[in-house]
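1. I would like the atomic coordinates for the input below:
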Amino acid sequence: MRTTVDLKPEHRSRLLAIAAKRGEKGFSNVLSDAVESFLGSEAERERRRHKALQLRGALREDEAARLREETTSLRASWR
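-> Take a look at the predicted model:
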């Protein structure tokens with residue numbers, strides 16, 4: 001299906017460069033691969049989220065507090 005997408009000029013340039021390395025004239029196939037990858041990762045993310053929610057209540061109160069503290073500490077160091 002054809003559609004219109006607004007891209008930043010630098011993204012368009014990078015997509016065209018990737019397409020050129022693949023020997024393709026346009027970047028439709030590159031964009032299609034990117035969308036497939038994104039949708040797959042979102043499906044995996046949702047599966048992991050669902051699995052994690054099934055564990056709700058599986059930790060003791062002290063274990064949950066320790067995990068929360070460690071998670072907060074790790075997130076503080078993310079960029």
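
2. So for the lengthiest helix in the chain, what gets flagged as buried?
-> Longest helix of the chain, by residue count under DSSP state H: helix 28-54. The neighbour-count check on helix 28-54 (16 or more other Cβ atoms under 10 Å) flags V30, L31 as buried. For every residue, glycine as well, the C-beta is placed using N, CA and C.

3. cool, and stretch 71-79?
-> Buried residues in stretch 71-79, defined by neighbour count with 16+ other Cβ under 10 Å: none.

4. what's the answer for stretch 51-70, then?
-> Of the residues in stretch 51-70, none is buried (16+ other Cβ under 10 Å).

5. quick revisit: just the C-alphas of the next helix or strand after the longest helix of the chain, formatted as CSV.
-> Using DSSP states H and E, the next helix or strand after helix 28-54 towards the C-terminus is helix 61-76. Extracted C-alpha coordinates of helix 61-76, given in CSV (Å, rounded to 0.1, in the frame of the first residue of the first chain):
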residue,chain,number,x,y,z
GLU,A,61,7.3,-7.8,50.4
ASP,A,62,11.1,-7.5,51.3
GLU,A,63,12.1,-9.1,47.9
ALA,A,64,9.8,-6.7,46.1
ALA,A,65,11.3,-3.7,47.9
ARG,A,66,14.9,-4.9,47.1
LEU,A,67,14.0,-5.4,43.4
ARG,A,68,12.4,-2.0,43.3
GLU,A,69,15.5,-0.3,44.8
GLU,A,70,17.8,-2.1,42.4
THR,A,71,15.6,-1.3,39.4
THR,A,72,15.5,2.4,40.4
SER,A,73,19.3,2.4,40.8
LEU,A,74,19.8,0.8,37.3
ARG,A,75,17.4,3.2,35.7
ALA,A,76,19.2,6.2,37.1
